[in-house]
Each structure stands twice: as structure tokens, then as C-alpha cells.
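**Student:** what would the 3D arrangement of this be:
(2 chains)
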Amino acid sequence: MAALCESFTLCGLGPSGGVGLGGGLLALEPGPDPDHVLLTDRGRTATLFKVSDQKPLGCWSVKHGQIITCPVVCNFETHEYIAVHDDKVLRIWKNQDINLDKVFKATLSADVYRIHSLPSGGPVVLFKGGGVRTLDVLLEAPQQEVENVISDEVIKWSEAFMEGQQPVLIFATEKDGDFFVYVQKLKVNSLHKYKLEQQELSKPLSFTAYLKNQTITLLCLYSNDSVYKVLIPLRQNTEEEEQILSKSLLLNLSVSGSVLKGTSFVVLDKDHIAVLGSLAASGEESKECLTIWNTKFQTLQTSKELPLGTSGQLWCYEEKFFFTHGKVLTVIMYKCETSSLAAAVGKLKDSQTPDVCSFINWNTLGDEELVVSFQSQQSVALKSESRMTLRSKRNTVAEVQPDASSVGQLLLNLKDASTTVLEDELKQLMSKVQMPDLQATIGCVITALINRCKTNPKYYPQNFLHHIVQTQDLSYSLCPDLMAVALEKKDLYLLQICLQRFPDIPEEITYACLKIFLSFSEAYLQTIDVDLESVICYIDIELNNKEVKTEIVENGFNAELEQDIWDTKMTKETRRTGGSEFCPVGPQKAALLNAVLHSAYSETFLLPHLKNLPAQQAVLFLRYLYYLYVKCSEKINTTLPGTGSPTINQIMDWMCILLDAQFTVMVMLPEARELLSNLHKFVRAQVRFYSELNKIEGSLQELQRRNHQKDSQTYSIEVLELI
Amino acid sequence: GGRLALARTDGAVEVYNFAANYFQEKVIPGHETRSVEALCWAAGERLFGAGLGGDITEYDLARLCAARSVDGGGGPIWSMAANSGGTQLAIGCEDGSVKLFQVVPGGIQFERNLDRRKGRILCLSWHPADTHIAAGSIDILRVFDVSSGQTAQRIMVNYHVQKVTRECIVWGIAFLSSGTVVTSDSFGRVQFWDWELGTLLESHTVSASAVLSLAVSEDEDSIIVGTSTGATYQFQLLPVKMGSLEKRWVRTKPFQHHTHDVRAVAHSSTALISGGLDAQLVIRPLMEKMQKKGYEAALRKFTFPHRCLVSCARKARLLLFQFSQHLELWRLGSTEETGKDGEVLPLCRMPEHLVQLKSKGPEHIYCSCVSPCGGWVAYSTASRFHLYRLRYEGDGVSVRKVPKVPKLLLPAYQLQFSADSGSLFVASARGSVHVLQLLEPGGCRHLHTFRPPSGSPEAVYLLAASADGHWLAAVGGDWAIHVYNLKCCKHHCTVPTYSCAVTAIAIHPVTNNLVIAYSDQQLFEFSVPEKQYTAWSRTVQNCGLHKGWLERDAPITHIAFNPKNPAHILLHDVYMFCILDKSLPLPDNSALLMNQSTLKQLPETARQRQLHAFKICKKFQPLLFADVLDENSLVMVERPIMDVKTQLPLPIQQKKFGT
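**Tutor:** Below is the predicted model:
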């Protein structure tokens, strides 16, 4: 089912580009890049637009008194612009040129009808006399003689295609009500002339054509409100004089009593055409509208009224219609799906995503679509880039600049830009905080980066990934491959911050992280940089840090306090000499393990993975958990100091799940036995301790009550002896 | 020199002198309508305050009062910041405007408005180069170009947080010279922004509740933030690796010194300073900046004022308590029993609340005093001076205001009655002391005004009169002690200058020796008649005071004498009182300073060898006032911290074990 989507205004038009036939624009041609169009008005000016930004990127005018007579086209190979003014004067310029007076100029010997620029065949010049030259040939000798093939016929329409490696030009002429079609193959320099079959009481108004299977399909819109199809085979070596082309009716532009007086039309796909015209029902005023027709089922698919009037011109590039509407140039997007009878009668269930349009609209697109559309754009652009000739190198560099802000462009650059350039651009991107779906976009950026890492094993923008994960609130699902690549690259710091920040890491990845953390040697870990914040407050790091006096010295010396300090020091020392309570892992490993403890998981999914943990690592991990548990229990509030340090619940849960997963191993391993028995003793002591605490709770409350009574005594006379 | 100005929620402004052991050097009492949201030093030593009243006030630190007020013109003022040169003030107003004022001699002048947007400006910071101002508001921070007045950048601080419904208040902001803007907000985050790009550089969540205050060290390598849970955190700019050039902000030290919101923080070169809703000022030294162990190297907490708010009528056994806007007069209870050390005696008469005097108007009380006979009470506010005559008839008290008090230069900073209750000394501005003669049945007249011979711009803040009515000592803000002869109404002498703040003085009733306590805990005794230090004072200086005495963190706030034993001097601070017995040897550093509990365990004979001059008792804490009533009774006034805390709003609930 074909449908018209949202529309927007590309630009306003000057007084010459108004409504009505004869007004409007000279032409609209595709620009040097996707999403760019070149607009030539009927005066002196050509403008380059970026369509999705609705923004002019460049504008060039010829001098007063001159007039552009042939639409400006872009040479896709060199990124140059080509125009003809005053019928004979050829101009070629580049993006950075400003003044058309100073650019390349060639005066030709004959009047030019049109220039057709082919994506891979270079520009082809059609003269008013029917002569055809490629631009390259013409530039070699601008004043060369151009033959006149059509005597006094007048060219009405022309089009160019690439057939294999050779350009093919087709044009239609008129003379005294007779219409002729010429097909010129440039490489072999063969020209065929056909006569179009006559039609009673009507004549062609508009032509369009496409090339398929070495056959040109020419569609003609006739004044009897019908579209006819003419097939012109290209492989024809016989040089017959003036073949007559027979035509067949493709479509009658009438629907339930109203007739569409078409003025121009374009082909959308093999089953769809779009017609711009005025729809006139009998007895009613006609209304201008844009319509899409299904030629297979002869139905009107959709239409849109254009109350402000049009110039009767219609262009279509990259699934967008362009036409003048009132005093503006309007762009309207459409979608066209393969037609089926069900779709034609509106019975097809919408199986596809509801709104597929290639226009990158940040407001409506989901992440997946974004990625897809970016990738498709990327591939297109890359193809065209790779074919660029050297001459245009400078051009492209200059062009990237204004687009640097756009995400699409950025993603293009991600493929091969250097890291520093990339970082700058991404910082710029991140500065657009107002941009909706920044998270999604960052997700795309990371995905693109990761893809690049995958394809190029040497490439790994480590610092940048760290920064982006730290400052943006990302999640695992936004950049699913990030952690996998980090695991592969053994970027422990990135894994740590991901574990700390992502809320939705699959258990499999969590397990992989745990395993990789446990597998590294302490010596190696000491050389890398990880975030030690979660461990720094409780772990015993062998540093001669100075004792910081945090107690308040009230009235200086305090004997009891001093005594206390001594006591704690003593106990600390004795405890240390006990030895069993040293941290079994280094601070780096501890910090990494804490990140694992911190991440969310579901037991059912984690347990099967944990069963695979090698026995030695499992014991080490359990040893660390035991250490944490003991550390926790040292404090009355059973929390470890510092931020991001694991809570007692996390420690206990992990301990339980680890014991569940590795039960047999733990029971069998001799070195685990002592650990388990210590753990058992400790837990039993804890249970006893808490039950004792419960018992004395009542007594403590009573003490507190009495204390309060004493406090309320606000006045007393006491005896005090000072010696 | 290093001075710290702080404002309390009642509008009081205090200045602490770092050089004088953080002595609370100046106090400007509060005012009901003058809330202070922001304070800043500008143009050298000038202090400006601004608050929700919408005025910018300059404080006169010599006369200890609000000197001039200028309407900010933007509604309540939430924030104020001075530029690096102290020549301009920027204020942030309720209406969302940021206004610049020029600091000119004798006041400030409105200069211009910066680009105004909706939303109150809660915090401001100048770029050290004075080219830009960063302003924090609700959900947003903006950077203004000072020269054009336009908004140069606008950063949504909440953008990176998904699905936020609460608004995010930027409570604190700092603009570093590198172009980094640091914010602290109500989500508990401390964030670093690149102001030019508007990107988030780093984000640290330090707390589950709001981070209310933020300050940066002058070197911009350390930041302190205060949270509403009472915790403060230090951030330091540290190399990523040893010797690496790349530096990162790391949260290094957490401190929990407050129980309530930490409303204000400051960063001196050697210490982190925080002030909380729990009324405490905490100065936490940075040990890495300490060269040696000294007074600065210890944590300091200030909860109580460094001056006396209680006065005692010894003969009548009355106590007068000074509150911010009222006075209470109490008669002490009594007992007929005696007992052994530590016993609590049964009362035969309960203490009695006799009079409550409410000060009218919005001004808070500067000072107050009750005469030794209990018949007179005087107090002063910023603009008014009141004198009351009290008569006791049986159980009743009649209070009569003395009409037509002489017109004096107000406010009075200290009031002191003579020992015979016949005259009143009023400490006033410019070093002057007025002498009022009290007349029966209830009148007074101005007798004389003493002025220091060389003049002084500073106000007098301490007075001491001799018992014989001959001498009067006065201490001004320049720390010079002048002694006047009351009999011949002339200047008698000046005590040799000592470069530290005087915290208490008293003249001995028998010997007329002036005892002086300084904020560095030094004690001096100066003979007024002989105009020189006494022999004992010289001995003290030669031997030096005990280390334990010098390391105390609270200044001596009151000195009294035992009428029975001239060798006994009573000194007290917040944590202890001490009977200094001049007849005993001074303790040397090897001796135990606080030896009372040890002495009690020793037999009589062994005690003699252990005795030293300082008999210290720490039983009563925190001690607001101590005085000698008669030869065998002392009066102590405690102010339990719990009583203060019950009047505070509830702190943010935090989970404790077992609850």
C-alpha cells in the first residue's frame, strides 16, 4: 500500500517561482551527496539544499542580464557543478567557489537543451539540435561543430540512463502535432529515430522513462487523462528508417466520476506512479492534488490536496516528492510497498513496521531503525566515495565540515576517522544535550565503534569508551557488543565501569567478567588502572600512610582517649598477626570483584554458569567473600566504608549461590575444607552474637530510660572537692 | 590575615581569626528581618552580606553593625559572589536575574543586569579571569559573558538522567580557571562540566540526598562539598598514575562531623571548613599541608560563642541569661546540708524564675548585665539601651524601666556594673567607655567617657572593673588593653601589646592585678598600680605553660577570684573549669595536667608531691558559665548539646543498625 507521509517546506520561492504553468522552477536535480538537491530557478540562481535539515548549503548566481537556461547538475564523480547560461555559455565550479564570474567558462558553438549527469557515466550534453556529446569530449574542443539531427523539430523532453557501461540518451521531439522519439547510444554513436503512434484528439503532455532489461519503458501522459506505455528495445542493430512505436494504455486517470487532469508524473516502482494534476469532478471546481496510482490494479492509492496551487512540476528523489506549493517548495515523503491485491483493496495486515520512511527523523525512530538506516546510508555513501576521482579530494574534505554535526555523517566518519578527530566530533555531539534520544544515538555511535573494533583488531579507542560509559547513562541493551569486545580486549577497567553502571547485564556476561577477573594474576593487575574507590576504605594496603588525628582534642591531652587509642592499636596488631584476615586478593582484583558483586543478577540464570567456574578460582572467590563478610561484621552497622563497596546482603547472596553452584567441589577440595570450617565457625559465632544482642536489648533500653531521667534534672547542688 | 566570616540563620554574622587560634573575634548579633544567604569579602577587608530580604548589606567590622544596605532590586537574593579583584559583586535573585554591583568607597553601586531568565539563581561563581559568571538554578546552569551580559552557555543538568520527575536544584557552583564548571545538586551529585561545549566531563554521586554546598581551594586542586546528611567530602585533582600528567578528580576523604545539613563550606589553604544546621562550625585540617604538629593540626569544632552570655549577681545569688531576644533572671536554689565529694545535696529551696524581659523590635541583644546587688539589669540592642530597676519584696519582684537614659553612641558591646552597684560601664565604639552613675530610687546620669589617648577605630568588647572602684580595664578590637583611673577620670596605662586576641580579663579584688587570658591560651598577670607584669606572670612566661593547657581548643571566656584565698583564680572554657592556685608550683610537661582523679586515689601524704597550680575539673560540659558565689560555692551553667539538638529540625533519616 502506498501512502504519503509527512511533508515539510524546503524553502520559499522568489517571485519568479510562483504558481501556475510557466512559473515554478527550471529544475530540481540531485545534489552531490544523498539527501542533497540542486534547485535551479527560472532566473539566475542555483541553490544546493540539504533536504533533511531544510537548510541551504550553497547558492550561486550568474551576473545580471545573464540567465541560466539549463538546469544546474552535479558531476557525481568530481563533485563539480555544471550550468549553462544564455544557451551557449558553459560554467563549471566547485563547492567553495563563490563568484560564478570567476569559474571555468566555455562558450559552445550551439545552444544546449539540457545536461544529464549520470552517477557513473559523467555528464552528457544534449544540444537543441539533437546533437549529443559527453562533457569530456566537449571540453576538449568547446567550439567544435555540433550537428543538427532534428531539423525543425523541437525537443520536448529528454532523459539519460546507463546501459551497462554506456550512457543512453532518449529525447522526444514534436513537429506539427507529430511526436518523435530519439534514442542515442553514445559509445557506439548510434542514433535511432522513432515516431510515436498517433492518438486521436489528444497529444502527449509529459513523458517519463525507465530502463529495465535493456528495454526503455517510456510512459506518456496524454491530454485525454490517460497514461500510455511504450516499449523501446535497445538491442536493435537494424537501421530502419523511422519505426513507429505502438503504445498501450497503462492507466486511466479517472476514479468514480472525477478525472485527474495530470500535468506531470513520475514512476515510483513497477506498479506505482505519482501524478500531479487537478482533479475535477463534474460540476465542481477542480482541485490540484498529488496522487499515487497503482497501475497493476488501476486504483488511486492515495492523494493529497494542494489548495495553494502548484506549478505543475513534480520531482522525485530518494522517496521524496518535491513540488512547488503556493510560494514554497514542498517536500513530501512517501512509502510504496509491493502491491498485492489485498493491499490494493486495503485488506493486507500491516506486517511491517508501521512507519518505514528513509527520512531520518530523530523524533520517531527507534534504535534499531536508526542503526539500519545509518548502515544503509553508510554503505551508499561509501560506495560513492570510493569512486571519487582524485580531483575531488579537496572537495570532500571541505564538505564534511558543515555536516560534522549530523549524526549520520559522524557515523560515516566513524569507519575510518582518526581517534582524535572522532573524539572531538563526538564531544560536539554530546554537547547537544537538547537533542532527543541522545542515549539512543550514543548507543548507535558505540555500536559503530565496536563494529569498527571488530573489523579492525588494532583499533580500540579505550579512553573514549571509558569516558562515554562514565558520563552517559547507557545500558547493556543499548550497546550489546561493548562488553563482549571489552572482554576480548581484556579492558578490565571498562568492564568494571560497565558492571557498575549497566542495570541489565546478562548473567552470562557477568559470569564471563567474574571469570576473567579471577584469572588475572595480581602482578598483572597492579600494572593496570582500575577504580579502587570501592575498596580503598577497608582493604589493607601496605602504605605507610600517616596516622590522621581525627579525634577532637577537647582541652588537649586526654588520658583515657590515649589509652583507648593504644588499646585499639594493640588489638589491631594482634589481629593482624593472626594472619587469617588479610585480604586474599590484591586491591585491584578486589575492586573488580566488587563490581561483579554490585551487578544485578537472577539466581536461576547465574547458577548454571557458576558451575563452570574452575575450582581454584571458586575457592579464591569464596575466600574473598569470606574476608568481606568478616570485614562487614567488624562494624556495628555491618556496612563497609566507602562508596560502591558491596553490602552485606550482596556478599551473603553471592556466597550462598557460589556454595550452591560449587557444592561438591567445595566438599571435595582439601584446601576448601579449612575455609568452609572457618566460615561455619564465624557464621555460628555471628548467630550467637546476635542472639546475645537481642537478649541485652531490654537491659539497654532500661538504661537509656534511666539516663533520660538523670538528664531531666536541670538543677542540682553537688559537693565537689578540688585538691 | 586569614579570617572566616559566617552567618547564622538568625542573621548574626561572626568573624573568626585564623591567626588567633580561630578566635571568634567579632560578632554582629542577628536581626529578625535580616536573613543572610550569602557572604563575601570584597575590596580587601570589606564584608558584604545578602539575603532573602532582598538587600545587600555591608557590615562595619569596627563598629560591629550593619553599615549600609542597598536594595538588590530583584526580590530575595539567594547568592552573591565577588570577582577576583573584589571590585564587583554579582547577586543572584529570586526573579532569575543576575545583577552586577560596583564596589565603591563608601558603598556599592548598581552597574547592570545580565541576561534574565526564569528561575531563581541559587548559586554564582566568577571565572577567576572575571570574564564569565556561572549561575546555578533549578534543573539548569548558565554561563554569562560578563562583558556582553548575554548567556553564553546553558546546560541542563538533568539531561542525562532518564525519566526524572523531581526537579534538580543546583545548590553549589564553582568556576575553575580551566573552564570547568563544578556543580553540586539536590540529586547528590558533584558534576564537572566543560562550559564551552556544555558536556559533562565527570559525575560523582556522593550522597543519596542533596549536596548543598561546595568550595574550591585557591590552587583549584581540591574541592569540599557538604551534603544534607551532615557528611562532607573532599575531592582532589590527582594524577591518574604516579608521575602521570593526566589528572582526574577523585573523591578522597569523607567526613561526618555534622548531624544535620551542611549549609556552608569553605576551603582554606590548610583546612576544610564546614558549617551545619546543627549550629556547629568544623575546621578539619589537611594533614598533608601541615608542617608540624600544632594548634592548626587538630580538628576543631565550635558550637558555643567565645564570650559570656550569662552574668551573675553574687551578693543576691541571681543569674541573668541572655537569649537572642529576651533575658531571664533566675534566683539560685539553696541547701542546708553538707556532704562528701560527689554527693548531690537535697534542695531546701528550688531555683526560681524571677523575671523574663522581652526585647521589643526585630533587633537581637548585643550584651546584658545584672548588678552584683541584683537591683539593676541593663541590656543593649543595635539601636537601643535599656536599664531596669528591680526591687524584691518578699517573693515578688517589681521591675521598673529607668526613664530618660542618657543618649549614648550605640550599640553597647559590653556592660559592667561596679562592685558597689553604684555605676555602670558601657563599652562603646571607637574605643570609648561611658560611665553612668546609678541614682536611687531609679535613675542614672552620664558621668564621664573614657577614650584611649591615641584613639582607636575599634569597639571595646571586654571590660573589667576593680572591686575598690578605682580601676577600669577595657579591651578593644585592636586587642589593646587600656586601664583607666576612675577616681581621677583619666587614662592610667596601657598593657604591653601582645599579638593575640584577648578572650577574658578580670581585676583581682585584693591585689588589683589584672589577669588576662589570650586566645593562644597564654595567661598574664599585670599589676595595675605598678603598671607592670607581676613576678608570678614572669615566672609563668619563663617556665611556659603546660603543653596540655596550650593545646586546648576553647578559649577562656571568664575569670573570677576566690574572695577567701587571693591566690586562687577561677578560669573556665567550654570543656572545663580550673582553679589556678598561684601558691603551688607550675606543672612541667612531664607531669599530668589533669591530675584530680589521680590525686583523689592517693593518700594525703603522697598528694603533696603531686600537687600543681592547675586544679582542673571537667565534670561539667559543655560549660557556658562558671563563677565564684562565695568562699565555698561556685555556680556552673551547663548547656547540654541534647537541649540544643531537640530544638533543631529532624535530620534526614538514616538507617541505623537494628532500626
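**Student:** so what's the spatially closest residue to B:Asp627 that is not a sequence neighbour up against?
**Tutor:** Closest residue to B:Asp627 apart from its sequence neighbours, by Cβ to Cβ, 6 or more residues apart in numbering or on different chains: B:Cys312 at 4.4 Å. The C-beta positions use only the backbone N, C-alpha and C, and glycine is treated the same way. Residues in contact with B:Cys312 (Cβ atoms under 8 Å, 6 or more residues apart in numbering or on different chains) are B:Leu318, B:Leu319, B:Leu320, B:Val370, B:Phe625, B:Asp627, B:Leu629, B:Val635.
**Student:** B:Asp10 reaches B:Gly30, doesn't it?
**Tutor:** Yes. The pair formed by B:Asp10 and B:Gly30 meets the contact definition of Cβ atoms under 8 Å, at 3.7 Å.
**Student:** quickly list what's touching both of the two.
**Tutor:** B:Ser324, B:His364.
**Student:** where is the longest strand in chain A?
**Tutor:** Assignment by DSSP state E gives strand A:258-269 as the longest strand of chain A.
**Student:** which is the next helix or strand following that strand?
**Tutor:** Helices and strands here follow DSSP states H and E; after strand A:258-269, the next one along the chain is strand A:272-280.
**Student:** what pairs with the next helix or strand after that following strand, parallel or antiparallel?
**Tutor:** Following strand A:272-280 in sequence order, the next helix or strand is strand A:287-294 (DSSP H and E). Applying DSSP bridges, strand A:287-294 is found paired with strand A:272-280 (antiparallel), strand A:299-305 (antiparallel).
**Student:** the stretch of helix or strand A:Ile468 belongs to near chain B at all?
**Tutor:** Using DSSP H and E, A:Ile468 sits within helix A:462-471. Yes. Interface with chain B: helix A:462-471 contributes A:Gln470, A:Thr471 (Cβ under 8 Å from any Cβ of the partner chain).
**Student:** that helix: how far from the chain's middle?
**Tutor:** 19 Å (Cα atoms, centre = their mean, to the nearest Å).
**Student:** which other residues reach the following helix or strand past that helix?
**Tutor:** The helix or strand immediately downstream of helix A:462-471 is helix A:481-489, counting by DSSP H and E. If you take Cβ under 8 Å, 6+ apart as the criterion, helix A:481-489 is touched by A:446-447, A:450-451, A:453-454, A:460, A:462, A:465, A:469, A:476, A:494-495, A:498, A:502, A:505, A:509, A:512-513, A:516.
**Student:** repeat the analysis, applying 7 Å as the threshold.
**Tutor:** A:446-447, A:450, A:453-454, A:460, A:476, A:494-495, A:498, A:505, A:509, A:512, A:516 (Cβ atoms under 7 Å, 6 or more residues apart in numbering or on different chains).
**Student:** my guess is B:His127 meets B:Phe175, correct?
**Tutor:** Yes. The pair B:His127 / B:Phe175 is scored as a contact, 4.6 Å apart, by Cβ atoms under 7 Å.
**Student:** which of these two has more residues huddled nearby?
**Tutor:** B:Phe175 (24 against 21; other Cβ atoms under 10 Å in any protein chain shown).
**Student:** who are the contact partners of that one?
**Tutor:** B:Ser125, B:Trp126, B:His127, B:His132, B:Ala134, B:Val181.
**Student:** with A:Phe8 instead?
**Tutor:** A:Gln54, A:Val331.
**Student:** just say helix, strand or coil for it.
**Tutor:** strand (DSSP: H, G, I helix; E, B strand; the rest coil).
**Student:** let me see the confidence value for it.
**Tutor:** Per-residue pLDDT puts A:Phe8 at 84.
**Student:** please apply the same query to B:Asp588.
**Tutor:** For B:Asp588, the model assigns a pLDDT of 89.
**Student:** from A:Ala591, how far off is it?
**Tutor:** Distance of B:Asp588 to A:Ala591, computed by Cβ to Cβ, to the nearest Å: 51 Å.
**Student:** rebuild the contacts of B:Cys312 as JSON lines, extending it with neighbour count.
**Tutor:** Conversion of these to JSON lines gives the following (neighbours: other Cβ atoms under 10 Å in any protein chain shown):
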{"residue": "B:Leu318", "neighbour count": "25"}
{"residue": "B:Leu319", "neighbour count": "21"}
{"residue": "B:Leu320", "neighbour count": "24"}
{"residue": "B:Val370", "neighbour count": "28"}
{"residue": "B:Phe625", "neighbour count": "20"}
{"residue": "B:Asp627", "neighbour count": "22"}
{"residue": "B:Leu629", "neighbour count": "16"}
{"residue": "B:Val635", "neighbour count": "17"}
